[in-house]
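K.L.:
Sequence plus predicted model, see below.
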Amino acid sequence: MLARGAEVWRRSRIDQRADHWAWTCAGMGDLHLEITVDAGGRGVVIGHKPEHVEVYYDPQGLTLAQAIIRYEYDEPPTLVEGVSTRRRYKRILTPTEIRTQTDDGPVTVEPHALGVVPMVHVPWLSVDGPSFSAASIDGYTDVVAIVDSALPQMSVIGSRFAAPWLVVLGALVESGGDPARLGKAINLPAEADAKWLEPTLTGVAAFVEQAKFARDAMVTGTPEYLFADAGASASGTALSYRAGQFLAQVRPPQQRFRSGLAEAIGMALALEAGEAFDPVSSPYEVRGGSPLPEDRKAVLELVTGQLEAGLLTASDAVAALQALGTIPAEAPPEEYAARAQGEQVKRNAEVVTLAQRMAGDSNGNGDGHDLSDVQDDAREALAALDAGDIEAARAMLADMATEGYGVGEVEPEDEPEDVSGGPGSG
């Protein structure tokens with residue numbers, strides 16, 4: 001079952017598209033995952049921007065009642081003329097069927113047995129009902145507008161300062177005349193005067209201060225900046241608290257995104273099999289790492305400690321390390337844990353067998369190594385295996401083999417001489 005879910009993941013190219021889908025959800029507020037089938041009839045997941053989708057919920061706001069997808073697209077160009085055609089495309093998704101229409105052509109009806117609308121709506125932050133959501137930039141738009149307004153005003157003032165105007169006082173300049181065209185000397189009446197009109201730039205400081213105040217207010221009140229823009233004097237505890245505020249803001253939409261992917265995968269398999277989909281009994285779950293860089297050593301020690309204390313199963317430990325990136329994510333946790341445990345038992349058995357042979361050699365049947373030295377080396381190799389340092393254990397075994405431990409077979413002892421006499425001996 002889990003392998004089939006991985007196939008849907010690969011067919012839908014979620015690894016390549018997840019970043020764009022996450023940006024769509026955060027930047028636009030909504031992500032719509034349509035569940036359909038490819039040319040081979042296999043279930044796949046497709047992402048849509050909210051500008052192309054309309055969703056309608058039931059009166060309780062719990063389940064999608066209908067979804068409408070609208071697109072304009074270009075058909076592939078013909079081989080003869082090489083000209084593509086612009087088309088308008090519309091799909092209406094309901095719990096029982098999918099209606100497709102291109103331009104004003106006939107409507108194609110495709111029934112399905114899902115029992116739910118083949119779409120998953122992933123909101124960033126639901127507001128005023130489930131159909132619409134607020135984007136991650138909500139609340140910061142006023143600050144951005146203030147800064148954007150200050151920048152062009154400063155640019156206009158600076159441009160005027162760079163190209164001042166010539167003003168002539170006490171003289172009449174003929175229409176179309178240019179007093180400055182004669183160069184640096186201007187012939188004016190005795191009472192006339194000429195000056196350059198330049199701005200004092202006192203207004204620029206006000207715009208700069210306004211933009212600076214708006215930015216500082218956003219930085220001091222936004223979790224994204226509380227730890228990322230902290231000074232060198234900030235303590236580790238303060239940074240931890242600030243990072244906690246950011247995680248508290250990001251983790252809920254992150255969990256909604258992962259849950260939406262898991263639900264879409266289960267729905268794709270149900271659509272492919274022609275079965276009804278039950279979101280409650282779906283066995284799929286999408287896991288991932290933290291939005292912030294994690295202390296891998298601390299997480300590894302925590303997982304190892306819980307595993308040794310019996311508080312964590314081997315498969316759960318593998319899943320946690322897969323999310324951390326230390327174990328290949330494509331391997332099923334149960335199979336990987338069983339394979340790792342089998343290899344661990346095999347390695348331990350090899351060390352024990354080698355130690356037994358070395359102990360036999362130290363009793364006078366081999367090259368005469370001291371038994372205590374042999375046992376100490378074997379204990380170190382076993383301790384390295386228990387600590388998970390496989391390379392160190394292998395290096396120890398190689399050294400032990402180089403020194404002659406267990407190398408060569410143990411020669412059997414010679415049979416004792418028959419010291420008894422022959423027949424009739426006393």
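P.N.:
It's in.

K.L.:
Would you map the helices across the stretch 1-150 of the chain?
P.N.:
Using DSSP state H, counting those that start in this stretch, the helices found in the stretch 1-150 of the chain span residues 2-11, 14-28, 141-162.

K.L.:
Low-confidence stretches in the stretch 251-400 of the chain?
P.N.:
Counting by pLDDT under 70, the stretch 251-400 of the chain has low-confidence residues at 294, 345, 348-349, 351-375, 385-386, 388, 390, 394, 397-398, 400.

K.L.:
One more pass at 80, please.
P.N.:
Across the stretch 251-400 of the chain, the ranges flagged by pLDDT under 80 are 281-283, 287-298, 323-326, 328-331, 341-400.

K.L.:
Regarding this structure, what is its longest helix?
P.N.:
As assigned by DSSP state H, the longest helix anywhere in the chain is helix 236-273.

K.L.:
returning to what we had before: closest one to residue 109 among the helices of the stretch 1-150 of the chain?
P.N.:
Closest to residue 109 of these is helix 2-11 (Cβ to Cβ; 24.9 Å). From N, CA and C alone the C-beta is placed, and that goes for glycine too.

K.L.:
in that closest one, what's buried?
P.N.:
Neighbour counts over helix 2-11 (16 or more other Cβ atoms under 10 Å) mark 4, 5, 7, 8, 9 as buried.

K.L.:
wait, what's in contact with the second one?
P.N.:
Read that as residue 5. If you count contacts by Cβ atoms under 8 Å, 6 or more residues apart in numbering, residue 5 has them with 265, 266, 269, 284.

K.L.:
re earlier: tell me the buried residues in the longest helix of the chain?
P.N.:
In helix 236-273, counting by 16+ other Cβ under 10 Å, buried: 242-243, 246, 249-250, 253-254, 256-272.

K.L.:
for the helix or strand just after it, packing partners?
P.N.:
As assigned by DSSP states H and E, the chain's next helix or strand after helix 236-273 is helix 296-308. Judged by 3 or more Cβ pairs under 8 Å, 6 or more residues apart in numbering; DSSP states H and E, the packing partners of helix 296-308 are helix 314-324.

K.L.:
rewinding a little: which two among the buried residues of helix 2-11 are spaced furthest apart?
P.N.:
The largest separation in the buried residues of helix 2-11, counting by Cβ to Cβ, is between 4 and 9 at 9.8 Å.

K.L.:
re the thing from before, so which of the helices of the stretch 1-150 of the chain is nearest residue 130?
P.N.:
helix 14-28 (14.7 Å).

K.L.:
packing partners for that closest one?
P.N.:
Short answer (3+ Cβ pairs under 8 Å, 6+ apart): helix 14-28 packs on strand 30-37, strand 43-48, helix 236-273.

K.L.:
ok, residues contacting the longest strand seen in the chain?
P.N.:
Counting residues, the longest strand in the chain under DSSP state E turns out to be strand 64-74. By Cβ under 8 Å, 6+ apart, the surrounding residues in contact with strand 64-74 are 32, 34, 48, 52-58, 84-95, 116-117, 119, 121.

K.L.:
from these, which ones fall inside strands?
P.N.:
The strands, defined by DSSP E, take in 32, 34, 48, 53-57, 86-93, 119, 121 from the contacts of strand 64-74.

K.L.:
list the contacts for residue 100?
P.N.:
Counting by Cβ under 8 Å, 6+ apart, residue 100 has contacts 89, 90, 91, 107, 108, 110.

K.L.:
pretty sure the last one is touching residue 97, no?
P.N.:
It refers to residue 110. Yes: because the distance of 6.3 Å satisfies Cβ atoms under 8 Å, residue 110 is recorded as touching residue 97.

K.L.:
Can you name the residues bridging to residue 168?
P.N.:
For residue 168, the beta-bridge partners are residue 194 (DSSP bridges).

K.L.:
Determine how far the longest strand of the chain lies from the middle of the whole chain.
P.N.:
Put simply, strand 64-74 sits 27 Å off its chain's centre (Cα atoms, centre = their mean, to the nearest Å).

K.L.:
coming back round to it: and the helices and strands packed on helix 14-28: which comes nearest residue 312?
P.N.:
Closest approach to residue 312 among these (Cβ to Cβ): helix 236-273, 20.9 Å.

K.L.:
Now do the closest one: which elements does it pack against?
P.N.:
helix 2-11, helix 14-28, strand 30-37, strand 43-48, strand 119-123, helix 223-228.

K.L.:
angle of the first one against strand 43-48?
P.N.:
Computed with axes from the mean of the first three to the mean of the last three Cα atoms, to 10 degrees, the direction of helix 2-11 lies at 40 degrees from that of strand 43-48.

K.L.:
Separate out the buried members of the contacts of strand 64-74.
P.N.:
Neighbour counting with 16+ other Cβ under 10 Å marks 32, 34, 48, 53, 55, 57, 91-95, 116-117, 119, 121 as buried within the contacts of strand 64-74.

K.L.:
contacting residues for the residue nearest to residue 122 when sequence neighbours are not counted?
P.N.:
Residue nearest to residue 122 in three dimensions, not counting chain neighbours: residue 260, with 3.8 Å by Cβ to Cβ, 6 or more residues apart in numbering. By Cβ under 8 Å, 6+ apart, the contact list for residue 260 reads 31, 33, 120, 121, 122.

K.L.:
and the nearest residue to residue 381 once chain neighbours are set aside, what is it in contact with?
P.N.:
Distance criterion Cβ to Cβ, 6+ apart; nearest residue to residue 381, sequence neighbours excluded, is residue 396 at 4.4 Å. Neighbouring residues of residue 396 by Cβ under 8 Å, 6+ apart: 377, 380, 381, 384.

K.L.:
most surrounded residue in those residues?
P.N.:
residue 381 (25 neighbours; other Cβ atoms under 10 Å).

K.L.:
Roughly how far does it sit from residue 300?
P.N.:
Distance, residue 381 to residue 300, by Cβ to Cβ, to the nearest Å: 22 Å.

K.L.:
try residue 60
P.N.:
From residue 60 over to residue 300 (counting by Cβ to Cβ), the distance is 45 Å.

K.L.:
tell me the contacts of the closest residue to residue 327 other than its chain neighbours?
P.N.:
The shortest distance from residue 327 to any residue other than its chain neighbours is 4.4 Å, reached at residue 321 (Cβ to Cβ, 6+ apart). Neighbour list for residue 321: 300, 303, 327 [criterion: Cβ under 8 Å, 6+ apart].

K.L.:
Thanks a lot, see you next time.
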